[in-house]
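K.L.:
Mind looking at a prediction? Sequence and model below.
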Amino acid sequence: MPNWNDLLNEIRADGAESAHDRVRRKHLARLFKHTQRNVIVYYSGWLRKAELARRVPIQFGIVDDDKNGFMACIHKMDRSKGLDLILHTPGGDLAAVESLIDYLRSMFQTNIRAIVPQLAMSGGTMMALAAGEILMGKHSSLGPIDPQINGAPAQAILEEFQQALRDVTQNPASAAIWQPIIAKYTPTLVGACQKAGGWANSLATNYLMTGMFQGLANAQALADGVVQVLGSHVQTLSHSRHISVAAAQQLQLKVTPLEQDQKLQDLVLTVHHACMHTLGSTPAVKIIENQMGIALIDTVQLTAGSAT
């Protein structure tokens, strides 16, 4: 397997302006040749362009517009070959995640393998839970699926509000302490947090029961067990908590370690490194691409301190 530096040398040796695209597409085609399954990479540059994002607005997360990239990638595919979806994403808008999963399932049913070379967090984890199988390595992580409201965990907001209610009920004088904290809540915030948590958990439960747990006598119990952990801010403690392959297996998710197939792991990690080089060294901030080189690549260009 070409390692990180080998792949970088391959890109440099190519020398052309489009070297990153050519090298990445070559290795995507090699992966397809090995598996004979359709491949789509869904990659975000939130790690490689974190510093840039502090200066200019960049949409790294899952949004509705991403479906256009998936539609372009799937258009000429032989869908009977299924789909290997290689995920590297921080997550995103829950409505967009739900819509994208519905679309992918309408195209491939549950003949989808979610492959996670490094990180598929939040909504990315939700996409993995909707697959028929998840492939992860020792270097891979999923994340909690508890929803965020205005950048804060919805469950944490509810906990804070309920704590304030208890304190003020028991000691009315504490209202003065809680007032500036509660004042930041909009009138509908608490209700929105309650609904968001229920929405995310019901989606995950449904995806699991109609996907990797389908047909199992204890499907409901298995799905509930996964959601009770991944959907709980109390259990995971932080929305950025990394769920390893071992932890995912303990949840009884249908997870196959990439290390069981060394050839497949080598090919997957080569594609991963090629995508990460692209995101780190070109204007690309998001890549949606298949094994045929059909792609939608979002870019950001800095001109006089702005992004386009």
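P.N.:
Yes, it's here. Numbers count the residues shown, from 1 in each chain.
K.L.:
Going along the chain, name the helices of this structure.
P.N.:
Taking DSSP state H as the test, the helices found in the chain are 4-14, 19-35, 50-53, 66-74, 94-108, 123-129, 154-170, 175-182, 189-209, 219-230, 233-236, 245-250, 262-281.
K.L.:
What residues sit buried inside the third one?
P.N.:
By neighbour count with 16 or more other C-beta atoms under 10 Å, helix 50-53 contains the buried residues residue 53. Where C-beta positions appear, they are placed from N, C-alpha and C, glycine not excepted.
K.L.:
The first one too?
P.N.:
Taking 16+ other C-beta under 10 Å as the basis for neighbour counts, the residues of helix 4-14 that come out buried are 7, 8, 10, 11.
K.L.:
from those, which is closest to residue 203?
P.N.:
Taking C-beta to C-beta as the measure, residue 203 sits nearest to residue 7 out of the buried residues of helix 4-14, at 36.3 Å.
K.L.:
where's the residue lying closest to the closest one once chain neighbours are set aside relative to residue 5, distance?
P.N.:
Taking C-beta to C-beta, 6 or more residues apart in numbering, and ignoring the residues beside it in sequence, residue 7 has residue 273 as its nearest neighbour in space, at 4.8 Å. Relative to residue 5, residue 273 is positioned 9 Å away (criterion: C-beta to C-beta, to the nearest Å).
K.L.:
same thing with residue 39?
P.N.:
Applying C-beta to C-beta, one obtains 24 Å for the distance of residue 39 from residue 5.
K.L.:
which residue packs closest to the residue nearest to the spatial centre of the chain, ignoring adjacent ones?
P.N.:
The residue at the geometric middle of the chain, judged as the C-alpha nearest the mean C-alpha position with C-alpha atoms, centre = their mean, is residue 124 (1.8 Å). Setting aside the residues directly before and after it, residue 124 is nearest to residue 89 in space (C-beta to C-beta, 6+ apart), at 4.0 Å.
K.L.:
was I right about residue 231 contacting residue 199?
P.N.:
No: Residue 231 sits out of contact with residue 199 when judged by C-beta atoms under 8 Å, with a separation of 10.5 Å.
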